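Engineer: Structure for this input, please:
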Amino acid sequence: MSITNRLKNIAGKDTDDTKEKKQKEKKQPTASVTGSSDEPKKEKPTAWKEESGSIGLAVIKSPHFTEKGSLLMADRQYVFKVLPNTNKIEIKSAVEKVYGVTVTDVNIVNVPSKTRMVRGRYGEKGGYKKAIVTLKEGDKIEW
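Structural biologist: The predicted structure is shown next:
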C-alpha cells in the first residue's frame, strides 16, 4: 500500500463502501447479452470527420514550400504534405473545404525515406506523401 493510499484512508476519503461501489460499476455490462440492443452502433474511428468541422486538418498536414513549389504557383498548382493513408478524393475535398477553391486535378507523390550521416552515425530522414493540387482557372490560395 502506497503512502498516498494510506493518507486517503486516514482522511476517510476512500472507504470500503466506495471501493465496493466502484467495483460494482466496473462489473456491470454496457450492452445487452442477447445482442439486440436499443443503442446505436458505434462507427469505426477515421481521420475523416465532416461533423467536426476540421475535415481538411485531418487530411492535410501542411503546405510544402519549396523553390519548385513556388514556380508551380504561377500555373495554379499548390503542393501540400498529406497523411500517408489518404487518397486523391479525400485530398480534393479537404482542399476545397479548407481554402474555398475548386480543385480540377490532384497528383500524389510518395517521397521515400533517405539514409543520412550525421557526426559519423547513420540515421534515416523520414519519407512523406505530398499532393500537387491544380486549381480551376481564376482561383488561387492566399497564404
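
Engineer: What segments of this structure are strands?
Structural biologist: 60-63, 77-82, 103-111, 114-118, 121-125, 128-135 (DSSP state E).

Engineer: Kindly reformat those strands as TSV and extend each row with mean pLDDT, distance to I141 and mean neighbour count.
Structural biologist: In this view, the C-beta of every residue, glycine as well, is placed from N, C-alpha and C. Formatted as TSV, the strands of the chain follow (pLDDT from 0 to 100; distance: least, Cβ to Cβ, whole Å; neighbours: other Cβ atoms under 10 Å):
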stretch	mean pLDDT	distance to I141	mean neighbour count
strand 60-63	93	8	14
strand 77-82	96	6	20
strand 103-111	97	11	14
strand 114-118	96	29	9
strand 121-125	95	28	9
strand 128-135	97	7	20
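
Engineer: May I see the ones you listed organised as TSV, with distance to I91 added?
Structural biologist: Below are the strands of the chain laid out as TSV (distance: least, Cβ to Cβ, whole Å):
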stretch	distance to I91
strand 60-63	7
strand 77-82	6
strand 103-111	5
strand 114-118	24
strand 121-125	23
strand 128-135	5
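
Engineer: Show me the helices in the chain, by range?
Structural biologist: Taking DSSP state H to define them, one finds helices in the chain at 3-11, 16-27, 55-59, 67-72, 88-99.

Engineer: Find the residue ranges of this protein scoring beneath the pLDDT cut-off.
Structural biologist: By pLDDT under 70, the low-scoring segments of the chain are 1-56.

Engineer: If we use 50, what do you get?
Structural biologist: For the chain, the stretches flagged by pLDDT under 50 are 32, 42-53.

Engineer: So which of the strands of the chain is nearest W143?
Structural biologist: Of all the strands of the chain, it is strand 60-63 that lies closest to W143, at 7.0 Å by Cβ to Cβ.
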